[in-house]
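Enquirer: got a predicted model here, sequence first, then my questions.
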Amino acid sequence: MNKGELINALAKKLDVANAQADKMLNAFIDTVVDTLKAGDEVAITGFGTFSAKKRAARMGVNPRTGTKLQIPAMTVPKFKAGKSFKDALR
């Protein structure tokens, strides 16, 4: 399912226009991103937790040439599924 299909599914489930579902989804995404940028996490009980994890700088190898290269430190998004979400997929 891509973003457009998700918007259509939300609009149908909530009985709202696609434009309104698009605004809701974009607001959710923006809120999660802004919260993670601020150093906090977003926990949705039963669904999961969005957080940001810092990765240290490290050495990597270009698989094509074998050349070593420095991979810089960065912050990456992380999602940990909640128990109800995991159980629903079993």
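Expert: Good, I have the coordinates. Only a predicted model underlies this, so the values are computations on that prediction, with no experimental measurement involved.
Enquirer: the longest helix along the chain: how far from the chain's middle?
Expert: Of all the segments of type helix in the chain, defined by DSSP state H, the longest one is helix 18-37. A distance of 11 Å separates the centroid of the chain from that of helix 18-37, by Cα atoms, centre = their mean, to the nearest Å.
Enquirer: likewise stretch 41-58?
Expert: 9 Å.
Enquirer: what pLDDT, on average, does it get?
Expert: Confidence over stretch 41-58, taken as the mean pLDDT, stands at 96.
Enquirer: kindly format the C-alpha coordinates of that stretch as CSV.
Expert: Output in CSV follows, covering the C-alpha atoms of stretch 41-58 (Å, rounded to 0.1, in the frame of the first residue of the first chain):
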residue,chain,number,x,y,z
GLU,A,41,9.6,9.9,21.0
VAL,A,42,6.0,9.1,20.0
ALA,A,43,4.4,6.2,21.7
ILE,A,44,1.0,5.0,20.5
THR,A,45,-0.2,2.4,23.0
GLY,A,46,-0.9,-1.0,21.3
PHE,A,47,0.6,0.2,18.0
GLY,A,48,4.3,1.1,18.7
THR,A,49,6.9,3.7,19.4
PHE,A,50,8.7,6.0,17.0
SER,A,51,12.1,7.2,18.2
ALA,A,52,15.4,8.6,16.9
LYS,A,53,18.6,6.7,17.4
LYS,A,54,22.1,8.1,17.0
ARG,A,55,24.6,6.0,15.0
ALA,A,56,28.3,6.6,15.6
ALA,A,57,30.6,7.2,12.8
ARG,A,58,32.2,4.1,11.4
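Enquirer: how far away is residue 79 from residue 11?
Expert: Residue 79 sits 24 Å away from residue 11, taking Cβ to Cβ, to the nearest Å as the criterion. All C-beta atoms are positioned from the backbone trio N, CA, C, and that covers glycine.
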